[in-house]
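*Asks:* whatever this is, show me its structure:
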Amino acid sequence: MICPSCHTQNRDNARFCKSCGLSFPAQQGGTEQPQAAPVQVPASSDQAEASVVTVPASTETNATEEDISLAPTLILTPEEMMAYHARRWQHEMEQEQVQGQQADTVPAQQQNTPDIADLPTMRMTPVAGSSIANGPANAEAPVSDSSVASGPANAETPVATSNDTESVPVTSNQAAAVTNHAAAQATASNAASSPSENAETPVIVSSTTSSSSEKEESEVNPTAQPSTDQNSQPKTADDFPTLAVGTTLLGRYEITQVLSAEEQEHVYQAIDHQGYQRCWNCGSEQNAEGDEFCIDCGAELLNVAYIMHEYAPSEHKSEESHVLAGSILDTFIDQGKTYIIELPQVAQSAFPNGVYLLAASESDAGTVRRSEPNEDSTLVLQLQRVHESVSIPSGVFIVADGLGGHDNGQVASRLAIGIIAEHIVSKLLARPLTVEKAGETAEAMDEDDIIEILKGAVEEANTVLCQKNQHDKTDMGSTLTGFMMVGDHAYIVNVGDSRTYMLRDGKLYQLTNDHSLVGQLVAGGLIEPDDVYTHPQRSQIFRSLGDKLNVQIDIFKQQVHPGDILLSCSDGLWEMVRNPQITDILTNATDPQMACRQLIEAANTNGGEDNVSAVVVFVRA
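*Replies:* The predicted structure is shown next:
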């Protein structure tokens, strides 16, 4: 799939862009929708939507012979798309097998055995009663079924699964083949696996050398007999030096600062160059090398500061466990020293005192249509309570654009806003107040409940408009965009070509996809993004409220950070004000009301060809 904001090629099951963090449409009907927006026919047609995949112009060409991101866009049926990926996976597996056969023919002494620091992290959750806890000193490294480390050819490595407590030795080539086959099946089904239930359980990384195994046994099994070699002598201060800034362990954890250095423990600040292996925020392991943002939750994967604890090697492990304030993300042993990677508490919550929202909205008829009714309507509905010094906001912020050329477009947008407001008040805002009034504690709603409330509000508005059109023999309708805030998450909704943006760290992100002809042409790579402002068919949309009962609604989830600015606007604003000018206005505005006013003034100055509306929300800690 292609990100509509930064045009980066993403995997089909991504929910957030790996390059810019843009949220992709949620699953519809239990089936993962292709995230590169499909080219669709007008709403009156019943023809099924076709998947859009960027592939080479000739599907018979080997998938590895050219970069598919540089090839023209073709419209493929789901069957053709699966056939294309099947051929590519088959070719990759054949290449892996050829490389494995070549490795087997090279004498062992000529093979370049990789350094243990360059090997991928090998993890397995300890299981009570397994052979790992009481295994022999030369036990080989346990590897989970989801990750197989590269090592010397034909080296036996026990592969452990979550359902078995016994390890089955297999060769590295066999383990790689199993992993490749499992990865192909996971990609073919487009199923993103959820984080493990034991994601918070500390795991031990074992090296494959016999000396390291002996040291590990002394750490894991306190009943093991101490070694009689010189390594068992008492450690001195020189044996536990402080690591220098810039030192990288396991090829991933780079030390950026020495925080403290004591006799038995050193504390460092470190960054993880392989943060994609497990998202620090949601625990997802579905990211890949090169991803800058988590495809499941949108959290930034790079430049996250961790605390690394280094413990001196000792002859007898202390019976007292290390108590840490933050969450333990990883543990490993390197050269006899134990390391624990901790996510500090401050990094887990960007809002220690809760989320504070500043919101405003404004609407104008525009320069060209000054004498006509303004068909736009806006909604700012917010409940923000502070309890025990923590602010917990909830509310909805909407822009509805009555369709021009239809009967009573202004009535359609006003009806949609009113129905959504009533639904949100009764289901979201009044619910905790009513429960607390009865002397009970209001339970926090889960994500499914929140999405159902937002979706239900929009569906109710659409149903009322459709029924009114049928009863009055009218043809009114409205586009709609906006978001519902619950805590530190924004749930974005979109139907039509109005847009919702997010400004973060001086960069503007478009969070919604345009349900218009030019929007699909851009997503398919058929026209450039700047062409949407001048294309002769830019006013043609294929989704709106009031058109049909089963209208498709896009719902996205975006976690907000302190300093973020959210903007929902009608097409009369974004068509007149380009992204750089929107960025400049939002960056320099001192409050949301000033931002709204300056955006509308800019749209009118640049032509003001349509009604102009904006809702702006500042996120503060």
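
*Asks:* number of residues surrounding residue 380?
*Replies:* One way to gauge burial is a neighbour count; for residue 380, by other CB atoms under 10 Å, it gives 18. (C-beta placed from N, C-alpha, C; glycine too.)

*Asks:* wasn't it part of a helix?
*Replies:* No. Secondary structure assignment places residue 380 outside any helix; it is strand (DSSP: H, G, I helix; E, B strand; the rest coil).

*Asks:* show me the shaky parts of the stretch 351-500 of the chain.
*Replies:* Within the stretch 351-500 of the chain, the stretches falling below the threshold (pLDDT under 70) are 404-407.

*Asks:* separation between residue 491 and residue 556?
*Replies:* Using CB to CB, to the nearest Å, one obtains 7 Å as the distance from residue 491 to residue 556.

*Asks:* go on, residue 590?
*Replies:* 28 Å.

*Asks:* before we move on, what about residue 439?
*Replies:* Taking CB to CB as the measure, residue 439 and residue 556 are separated by 37 Å.

*Asks:* neighbour-wise, which of those two wins?
*Replies:* Looking at residue 439 and residue 556 with other CB under 10 Å, you find the greater number of neighbours at residue 556, namely 23 against 6.

*Asks:* quickly find the element holding the more buried one.
*Replies:* Here residue 556 is covered by strand 554-559, with elements defined by DSSP states H and E.

*Asks:* what's downstream of that strand, the next helix or strand?
*Replies:* Counting by DSSP H and E, the element after strand 554-559 in chain order, helix or strand, is strand 565-569.

*Asks:* strands paired with that next one, and their directions?
*Replies:* strand 499-504 (antiparallel), strand 612-620 (antiparallel) (DSSP bridges).

*Asks:* all helices of the stretch 301-450 of the chain, in order?
*Replies:* Counting by DSSP state H, counting those that start in this stretch, one finds helices in the stretch 301-450 of the chain at the ranges 345-348, 409-424, 430-437, 447-472.

*Asks:* go through the ones you listed and pick out the most buried.
*Replies:* Between the helices of the stretch 301-450 of the chain, the one whose residues have the most neighbours on average, counting mean count of other CB atoms under 10 Å, is helix 409-424 (a mean of 22).

*Asks:* residues making contact with that one?
*Replies:* Residues outside helix 409-424 that contact it (CB atoms under 8 Å, 6 or more residues apart in numbering): 373-379, 381, 395-396, 398, 400-403, 406, 453-454, 456-458, 460-462, 464-465, 468, 476-478, 480, 484, 545-546.

*Asks:* again, 6 Å this time
*Replies:* Helix 409-424 has contacts (CB atoms under 6 Å, 6 or more residues apart in numbering) with 373, 375, 377, 379, 381, 396, 400, 402-403, 457, 460-461, 464-465, 476-478, 545-546.

*Asks:* check stretch 459-471 too.
*Replies:* Defining contact as CB under 6 Å, 6+ apart, one finds that stretch 459-471 is touched by 412, 416, 419-420, 423, 545-546, 549, 551.

*Asks:* same check, this time on stretch 293-303
*Replies:* Stretch 293-303 is touched from outside by 14-16, 18, 21, 275-276, 279, 281-282, 284, 287, 291-292, 559, with contacts defined as CB under 6 Å, 6+ apart.

*Asks:* let's go with 7 Å and repeat that
*Replies:* With contact meaning CB atoms under 7 Å, 6 or more residues apart in numbering, stretch 293-303 is reached by 10-11, 14-18, 20-21, 23, 192, 271, 275-276, 279-282, 284, 286-287, 291-292, 558-559.

*Asks:* what's the answer for stretch 439-447, then?
*Replies:* For stretch 439-447, with CB under 7 Å, 6+ apart as the criterion, the contacting residues are 432, 435-436.

*Asks:* would you mind measuring the gap between the ends of it?
*Replies:* The straight-line separation of the ends of stretch 439-447 (CA to CA, to the nearest Å) is 25 Å.

*Asks:* can you check stretch 363-376 too?
*Replies:* First-to-last distance for stretch 363-376 - CA to CA - comes to 7 Å.

*Asks:* how about residues contacting that stretch?
*Replies:* Residues external to stretch 363-376 that are found in contact with it (CB under 7 Å, 6+ apart): 378, 399-402, 404, 409-410, 413, 570, 572, 600, 604, 607-613.

*Asks:* any regions of the stretch 501-621 of the chain where pLDDT drops low?
*Replies:* Within the stretch 501-621 of the chain, no range satisfies pLDDT under 70.

*Asks:* quick one, helices of it?
*Replies:* Listed in chain order (using DSSP H, counting those that start in this stretch), the helices of the stretch 501-621 of the chain are 517-523, 571-574, 579-588, 592-605.
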